[in-house]
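1. I'd like to go over a predicted model; first the sequence, then the structure.
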Amino acid sequence: MLILRATSFLLLLATSSGGLACVCDGPSLEKVLRAGGFVFVGRAVKGPASHEPYPKVYTFEVIRVFNGFLTSRVRVQTFGGAMCGATFEVSRLYAVVPHPLPASDRSRLRGPAASWSARLCSGTTTVSSLASVQAIGGPGQKPR
């Protein structure tokens with residue numbers, strides 16, 4: 001009986017891990033841009049140490065801004081994984097749909113605070129080039 005319970009428990013663990021994945025029905029990047037949503041294209045230039053717990057903070061070099069204004073470097077917080085936060089790789093190019101981070105969330109971060117957060121369900125995605133985003137959202141503008 002004990003073996004049956006242990007086997008059932010392991011089977012439950014093996015089949016339930018998919019239930020922890022992020023499931024969302026958010027807008028595509030194209031939909032966000034066509035609706036005039038705030039987006040920036042940038043390269044992740046610094047990420048957290050791999051052992052750091054969530055939330056994780058990434059620094060981006062902003063290349064182009066659509067429907068808003070940003071400085072040339074911004075810090076973006078994400079929760080990753082099952083919490084539908086975006087995950088980033090340093091040196092990759094992204095189109096980020098940022099959301100203002102409430103001051104109460106900024107105060108809990110270690111190190112310099114982020115001002116923005118990013119989620120998978122908001123349209124944030126990797127992009128092959130700036131031109132691929134400009135084809136949808138127009139030329140955009142340089143960061144300030």
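-> Great, that's in hand.
2. C-alpha only now, for contacts and for neighbours.
-> Will do.
3. roughly how far is stretch 119-127 from the heart of the chain?
-> 6 Å (CA atoms, centre = their mean, to the nearest Å).
4. thinking Ser122 is in contact with Lys31, fair?
-> No: with contact defined as CA atoms under 8 Å, Ser122 does not reach Lys31; the gap is 10.0 Å.
5. More neighbours: which of those two?
-> A count of neighbours by other CA atoms under 10 Å puts Ser122 above the other of Ser122 and Lys31, at 21 against 14.
6. and the more buried one, what is it in contact with?
-> 26-29, 97 (CA atoms under 8 Å, 6 or more residues apart in numbering).
7. Geometric centre of this structure: which residue is closest?
-> With distances taken as CA atoms, centre = their mean, Ala86 lies nearest the centre of the chain, 2.7 Å away.
8. does it really touch Arg119, like I thought?
-> Yes: counting by CA under 8 Å, Arg119 is a contact partner of Ala86 at 4.9 Å.
9. Would you mind writing the CA trace of stretch 31-42 as PDB?
-> What follows is stretch 31-42, C-alpha atoms only, in PDB (Å, rounded to 0.1, in the frame of the first residue of the first chain):
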ATOM      1  CA  LYS A  31      -2.000  44.400 -31.600                       C
ATOM      2  CA  VAL A  32      -0.300  46.600 -28.900                       C
ATOM      3  CA  LEU A  33       1.500  48.700 -31.500                       C
ATOM      4  CA  ARG A  34      -1.500  49.200 -33.700                       C
ATOM      5  CA  ALA A  35      -3.600  50.300 -30.700                       C
ATOM      6  CA  GLY A  36      -0.900  52.900 -29.800                       C
ATOM      7  CA  GLY A  37       0.500  51.100 -26.800                       C
ATOM      8  CA  PHE A  38       3.800  52.000 -25.200                       C
ATOM      9  CA  VAL A  39       6.600  49.700 -26.400                       C
ATOM     10  CA  PHE A  40      10.400  49.900 -26.500                       C
ATOM     11  CA  VAL A  41      12.900  47.900 -28.500                       C
ATOM     12  CA  GLY A  42      16.100  47.300 -26.600                       C
END
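10. tell me which residues of that stretch are tucked away?
-> 32-33, 37-42 (16 or more other CA atoms under 10 Å).
11. so which of these comes closest to Val127?
-> Val41 (8.4 Å; CA to CA).
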